[in-house]
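Engineer: Structure here, sequence nowhere to be found:
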């Protein structure tokens, strides 16, 4: 929005991060890297750590990595913080490397959910891990948050465990687990942690750390926003809360009509389609009551109209204090066995995500002597711009820990960490996303409110990269965040923002209360690229193009100065059915953006290309939808060689659809009012949907021919330009060539032989057939990264 984020309602509702009195250990000063060994602790003059962080990622001291941010924020508060990164989880001994923490353990699986990090969308084990030196897989356990918590408890039983990170955030209530295909308990119960911090946890963690340091028992810390914990029945800390029971889907029975006090008994019976027995006998008919003012002798004034006094509040219902109201969700035992109640719980959870009006949630786990409640406090208050600057301006080393360096003291050889390489020269300018895409976890984790850094803080980080980061050649790889262009966008009214309960600000259309002014972002782009020593500023974050077209000036600025040949955007699909389940805009918005993109590229005299991303097998996608998408892809000249299949992540709305076959977006019912969702299950159908995205791959043609004939669309099989796939079948080896080499499936023949065969038949993967040798592209062909663009000058061609 035009005004700084600090004017938001939320800026006035929380204690600032900088207002705490520093812990006594601040006298030790700032560590060059947070210590990972006893020797480093001794060099710093420490005899112990106040807090030990355990993470499934390699330790990279950079603000794009959550553990580094948490560690540096706690250090700035005066605490001595150590890190145990990717420990051997086979025993508790590696967890004792830094000694016993004075205050608590901080546990996280890492920047990624450990199961998503370890398995593909088809549940196949990955051989790589971008957060590990050398890109080596297997350095963290499955369900790392559970395993690490268990080992920490074994190492030092009496030290509190504070769990955080995205793995914990997405499992804070009972949730569907795609990998085991069942509903699992809240991670708070399974991990046996003392406290779970969900979302971006700086505010909650700073408060919790200072309260534990003040010797407050952690079991009494139950009032911090953004936390979840276990409560036993009869817990005195739960007194004073008003509980709303939402453990069942409402099923109202027959509601009797209100009785009109001005009708006689017989008239009431007649209005209900019946008669009065006394009247049938012709006896006992009651005379009508006189109207007000009509006397029947003395005392007639006693007959007066009845006045109904309603309690104050909207709709005649007294308002409950939201800050002391807790909603009881269906229990774990209920949602495990009842898909309707699972969808209902998911819907309630997503309605209670706005920090301005969200209420606490409670969900029962267990029965009898094992009964306990998982209590989830309302989401944390977003950070202000000043607090964002505070967190990002801390003295990060901006590189991996020296322990990962090779024999030359560098990190770009055998020990290179791909995730660091990706963000090495990038700047994170904001947090949060109000898009609300149902398959995405950003909103559940970071929230819907955009938290933006100041322009000065962003420019200072660009200058630090230029002056301090080794290997910098003048190009900033990204100025972005969860999305490229939501910087300083938000609600026009702080009051409306605090009261809103919509899951998205841009679906089904852009909210009239949302500001779409991109001027602050344009100003940062221009100022950053004008800095001495900065040759190029690229935008690598995903662009929200439905917002971008509201600001043609922004699109022009982006296209003419900040696109390095390719720009990635994510229409996700072309058909209304799946798009409505994703809460994504129609393909018309993409067409409008494409027109602007091509116009401004031509004006600048640049040949630039859009890289659209699509999802296969998303809930609500029919076979016909995928066929129509394939037709659109061929019509527009796209040959996708990266295929993204829907991945059901815990707690996402689309995952609730996948598990229940219901659409929580439209309300949850047990009768015909409920909207049923077509779910793509089973390997064969998922392969078919992926095959439609890769319609150009000869390995997929037999499957597509069979499907098209079954769908009554055999007219799409033929050898003309208007056909989707040909009638002939070249020799294939069943291999799959992916842009990510480790995701490729090798065939039975050598790659060179396979490429030659593909070129001879005119088919094959888009990258090989369209431009196998890096020569000039065929005239008239629409090129994207998917179709094998000619390599850039000085860079080897892809796939070679």
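Structural biologist: Received the coordinates, thanks. Here the structure is a predicted model, which is why all the values come from computation and not from measurement.
Engineer: first to last residue in stretch 484-494, what's the distance?
Structural biologist: Terminal residues of stretch 484-494 are spaced 23 Å apart (CA to CA, to the nearest Å).
Engineer: List the buried residues for it?
Structural biologist: Buried residues in stretch 484-494, counted by 16 or more other CB atoms under 10 Å: 484, 485, 486, 487, 488, 489, 490, 491, 494. All C-beta atoms are positioned from the backbone trio N, CA, C, and that covers glycine.
Engineer: those helices in the stretch 151-300 of the chain, which residues are they?
Structural biologist: Taking DSSP state H, counting those that start in this stretch as the criterion, the stretch 151-300 of the chain carries its helices at 166-169, 187-191, 202-213, 265-271, 277-280.
Engineer: ok now the longest one, how far from the chain's centre?
Structural biologist: Between the mean C-alpha location of helix 202-213 and the chain-wide mean there is a distance of 25 Å, by CA atoms, centre = their mean, to the nearest Å.
Engineer: Looking at the buried residues of stretch 484-494, which one is closest to residue 714?
Structural biologist: Lowest distance from residue 714 to the buried residues of stretch 484-494 (CB to CB) belongs to residue 484, with 42.7 Å.
Engineer: Go ahead and confirm the closest one touches residue 538.
Structural biologist: No. Taking contacts as CB atoms under 8 Å, residue 484 lies outside contact range of residue 538: 10.5 Å.
Engineer: which residues sit against stretch 451-469?
Structural biologist: 4-5, 200, 382-386, 388-389, 392-393, 398-399, 424-425, 427-432, 472, 474, 476, 479, 487-488, 520, 523-524, 527-528, 531, 533-534 (CB atoms under 8 Å, 6 or more residues apart in numbering).
Engineer: Would you mind listing the two of the buried residues of stretch 484-494 that lie farthest apart?
Structural biologist: The largest separation in these, counting by CB to CB, is between 484 and 494 at 25.1 Å.
Engineer: which non-adjacent residue is nearest residue 703?
Structural biologist: Using CB to CB, 6 or more residues apart in numbering and skipping residues adjacent in sequence, the residue nearest residue 703 is residue 691, 5.2 Å away.
Engineer: In contact with the one you found, which residues?
Structural biologist: 697, 700, 703, 704, 707.
Engineer: burial measure for the first one, as a count.
Structural biologist: So that's residue 697. 26 (other CB atoms under 10 Å).
Engineer: Next: the fourth one.
Structural biologist: One way to gauge burial is a neighbour count; for residue 704, by other CB under 10 Å, it gives 21.
Engineer: Likewise for the third one?
Structural biologist: Residue neighbour count, defined by other CB under 10 Å, stands at 16 for residue 703.
Engineer: How far does the helix or strand hosting residue 577 sit from its chain's centre?
Structural biologist: If you go by DSSP states H and E, residue 577 is part of helix 576-582. How far helix 576-582 lies from its chain's middle: 18 Å, per CA atoms, centre = their mean.
Engineer: Check stretch 476-491 too.
Structural biologist: Its chain's average C-alpha position is 15 Å from that of stretch 476-491, according to CA atoms, centre = their mean.
Engineer: Figure out the length between the terminal residues of it.
Structural biologist: When the termini of stretch 476-491 are compared using CA to CA, they are 30 Å apart.
Engineer: Let me see the confidence value for the residue most central in space within the chain.
Structural biologist: For the chain, residue 441 is the residue whose C-alpha lies nearest the centre (CA atoms, centre = their mean; 1.7 Å). pLDDT recorded at residue 441 is 87.
Engineer: Please tabulate the contacts of residue 691 in CSV, including the columns distance to residue 325 and secondary structure.
Structural biologist: CSV is the format used below for those (distance: CB to CB, whole Å; DSSP: H, G, I helix; E, B strand; the rest coil):
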residue, distance to residue 325, secondary structure
697, 55, coil
700, 53, helix
703, 53, helix
704, 54, helix
707, 51, helix
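Engineer: Relative to residue 374, how far out is residue 427?
Structural biologist: If you measure residue 427 against residue 374 using CB to CB, to the nearest Å, the figure is 38 Å.
Engineer: follow-up on the earlier one: can you point out the helix or strand that includes the residue nearest to residue 703?
Structural biologist: Here residue 691 is assigned to helix 683-693, by DSSP H and E.
Engineer: ok so, going back, including pLDDT and distance to residue 620, could the contacts of residue 691 go into a markdown table?
Structural biologist: Shown next, in a markdown table, are these (pLDDT from 0 to 100; distance: CB to CB, whole Å):
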| residue | pLDDT | distance to residue 620 |
| --- | --- | --- |
| 697 | 94 | 25 |
| 700 | 96 | 23 |
| 703 | 97 | 22 |
| 704 | 97 | 21 |
| 707 | 97 | 19 |
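Engineer: can you give me the strands in the stretch 1-150 of the chain?
Structural biologist: Per DSSP state E, counting those that start in this stretch, the stretch 1-150 of the chain carries strands over the ranges 51-55, 60-61, 81-85, 104-107.
Engineer: want to throw those strands into a markdown table with mean pLDDT and distance to residue 714?
Structural biologist: Shown next, in a markdown table, are the strands of the stretch 1-150 of the chain (pLDDT from 0 to 100; distance: least, CB to CB, whole Å):
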| stretch | mean pLDDT | distance to residue 714 |
| --- | --- | --- |
| strand 51-55 | 98 | 54 |
| strand 60-61 | 97 | 54 |
| strand 81-85 | 98 | 57 |
| strand 104-107 | 98 | 57 |
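Engineer: Which one of those lies nearest to residue 657?
Structural biologist: Closest to residue 657 of these, according to CB to CB: strand 104-107, at 30.8 Å.
Engineer: dump the residue contacts of the residue lying closest to residue 402 once chain neighbours are set aside.
Structural biologist: Counting by CB to CB, 6+ apart, residue 402 lies nearest to residue 33, which is 6.9 Å off, once chain neighbours are set aside. The contact partners of residue 33, by CB under 8 Å, 6+ apart, come to 40, 59, 61, 397, 401, 402.
Engineer: number of nearby residues for the second one?
Structural biologist: Residue 59 has 23 neighbouring residues, counting by other CB under 10 Å.
Engineer: For residue 86, see how far away it is.
Structural biologist: Using CB to CB, residue 59 is found at 8 Å from residue 86.
Engineer: Next: the fourth one.
Structural biologist: Counting by CB to CB, the gap from residue 397 to residue 86 is 18 Å.
Engineer: How about the third one?
Structural biologist: Computed as CB to CB, the residue 61 to residue 86 distance reads 15 Å.
Engineer: So those two - more neighbours on which side?
Structural biologist: More neighbours surround residue 61 than the other of residue 61 and residue 86, with 24 against 20 (other CB under 10 Å).
Engineer: Test my guess that that one contacts residue 397.
Structural biologist: Yes. Contact criterion CB under 8 Å: residue 61 and residue 397 qualify, at 4.0 Å.
Engineer: For the stretch 651-800 of the chain, give me the ranges with low pLDDT.
Structural biologist: The stretch 651-800 of the chain contains residues with pLDDT under 70 at 733-800.
Engineer: same question, the chain
Structural biologist: 1-12, 250-318, 733-800.
Engineer: By residue count, tell me the biggest helix in it.
Structural biologist: In terms of residue count, the longest helix belonging to the chain (DSSP state H) is helix 587-603.
Engineer: Which of the helices or strands spans residue 390?
Structural biologist: Short version, using DSSP H and E: residue 390 is in helix 385-392.
Engineer: Which elements pack onto that helix?
Structural biologist: Applying 3 or more CB pairs under 8 Å, 6 or more residues apart in numbering; DSSP states H and E, we find helix 385-392 packed against helix 66-76, helix 202-213, strand 451-452, helix 455-468.
Engineer: let's see 10 Å
Structural biologist: For helix 385-392, the packing partners by 3 or more CB pairs under 10 Å, 6 or more residues apart in numbering; DSSP states H and E come out as helix 66-76, helix 202-213, strand 426-428, strand 430-431, strand 451-452, helix 455-468.
Engineer: what's next to it, contact-wise?
Structural biologist: Contact with helix 385-392 is made by 4-8, 11, 14, 16-18, 63-64, 69-70, 72-73, 76, 200, 202-203, 381-384, 427-431, 451-458, 460-461, 488, as judged by CB atoms under 10 Å, 6 or more residues apart in numbering.
Engineer: what about the strands in the stretch 351-500 of the chain?
Structural biologist: According to DSSP E, counting those that start in this stretch, the stretch 351-500 of the chain carries its strands in the segments 360-365, 372-376, 399-400, 426-428, 430-431, 451-452, 475-476, 478-480.
Engineer: I am finished for the moment; much appreciated.
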